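> Return a 3D structure for these sequence lines:
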Amino acid sequence: MQKLHKHHIIPRHMGGSNDLNNIVELTIEEHALAHKKLYEEYGKIEDKIAWLCLSGKTEEGEKLRIKLAQQNFKKFLKNKKLFNSWKKNISKSLKNKKQSDATKEKRSQSLKKAYQENRHKKPNGKILVNYVKSNLKKCVKLAAEGRKKSLKWKESVTSEEYRNKKCLLDPRSKKVFYYGTVYPSIRNASKNININYNKLRNILCKNLDVNIYFTQ
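As a prediction, the model looks like this:
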């Protein structure tokens, strides 16, 4: 049975709600096509990202996602009400919170470096904002690198559960029938029956064995 996705008829980025009458279940291919039609009609970059990622063009979609994040971050910095609210929430979350000696030392070194580079925060916060604005690409890159260095992130994306889930969601994946057993993809079959991936793919594509073939 093919996995179904929940699709917002009126997208969230266009004001759509999570009400049941605004949600429809679609296959991955139908979901990708729905976002493609929305993009062609309204030209929203969010729909193009969803369409590309659902179609398996994740690299192109990720580039657009970063571009969208940069645009939204610029808008956020210009919105003084949101920016000040964000600063207050950060201060509130840190209030009465005990910090380890290692954290204090790290913060001290960071502040020293900021003073040396003349980018320390002043009462109006303009230097900090201007620094982030002028180094937006660098900040996004550093955030991505930090995520990749995270042990928790690494364990989650390299786990067998994650790989199987990603494989099942890939619209290019096809189920494989191998001597009476059905596997969700070539890679999954390759691992379970301990056969080289390229060898198995060659057998499937060239129909070299009647007992091994793609199935629905």
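> all helices of the chain, in order?
Along the chain, the segments classed as helices by DSSP state H run 28-42, 45-54, 58-78, 80-94, 101-116, 126-134, 136-149, 151-158, 160-169, 186-193, 197-206.
> so of those, which one's packed in deepest?
helix 45-54 (a mean of 20; mean count of other C-beta atoms under 10 Å). Just so you know, the C-beta spots here come from the backbone N, C-alpha and C atoms, and that holds for glycine as well.
> List of residues touching it?
Residues from elsewhere that reach helix 45-54, judged by C-beta atoms under 8 Å, 6 or more residues apart in numbering: 5, 11, 13, 28, 31-32, 35-36, 38-39, 58, 60-62, 64-65, 67-68, 171.
> low-scoring pLDDT stretches of this structure, where are they?
Low-confidence segments of the chain (pLDDT under 70): 1-2, 119-134, 147-148, 157, 164-172, 216.
> In it, which residue is most central in space?
Glu62 (7.5 Å; C-alpha atoms, centre = their mean).
> list the contacts for it?
Contact partners of Glu62, counting by C-beta under 8 Å, 6+ apart, are Cys53.
> where's it relative to Ala144, distance?
Glu62 sits 10 Å away from Ala144, going by C-beta to C-beta, to the nearest Å.
> List of residues touching stretch 198-206?
176, 186, 189-190, 193, 208-209, 212-214.
> switch the cut-off to 10 Å
Residues outside stretch 198-206 that contact it (C-beta atoms under 10 Å, 6 or more residues apart in numbering) are 174, 176-178, 183, 186-187, 189-190, 193, 195-196, 208-209, 211-214.
> can I get the helices of the chain in JSON lines with distance to Asn22?
Below are the helices of the chain laid out as JSON lines (distance: least, C-beta to C-beta, whole Å):
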{"stretch": "helix 28-42", "distance to Asn22": "13"}
{"stretch": "helix 45-54", "distance to Asn22": "15"}
{"stretch": "helix 58-78", "distance to Asn22": "22"}
{"stretch": "helix 80-94", "distance to Asn22": "26"}
{"stretch": "helix 101-116", "distance to Asn22": "44"}
{"stretch": "helix 126-134", "distance to Asn22": "36"}
{"stretch": "helix 136-149", "distance to Asn22": "32"}
{"stretch": "helix 151-158", "distance to Asn22": "30"}
{"stretch": "helix 160-169", "distance to Asn22": "23"}
{"stretch": "helix 186-193", "distance to Asn22": "35"}
{"stretch": "helix 197-206", "distance to Asn22": "40"}
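> got the domain boundaries for the protein?
Domain segmentation of the chain under automatic domain parsing yields 4-67, 174-215.
> and the end-to-end length of the longest one?
Across domain 4-67, the straight-line distance between its terminal residues is 29 Å, by C-alpha to C-alpha, to the nearest Å.
> what does stretch 45-62 give?
So stretch 45-62: terminal residues 12 Å apart, C-alpha to C-alpha.
> do the same with stretch 11-20
Terminal residues of stretch 11-20 are spaced 13 Å apart (C-alpha to C-alpha).
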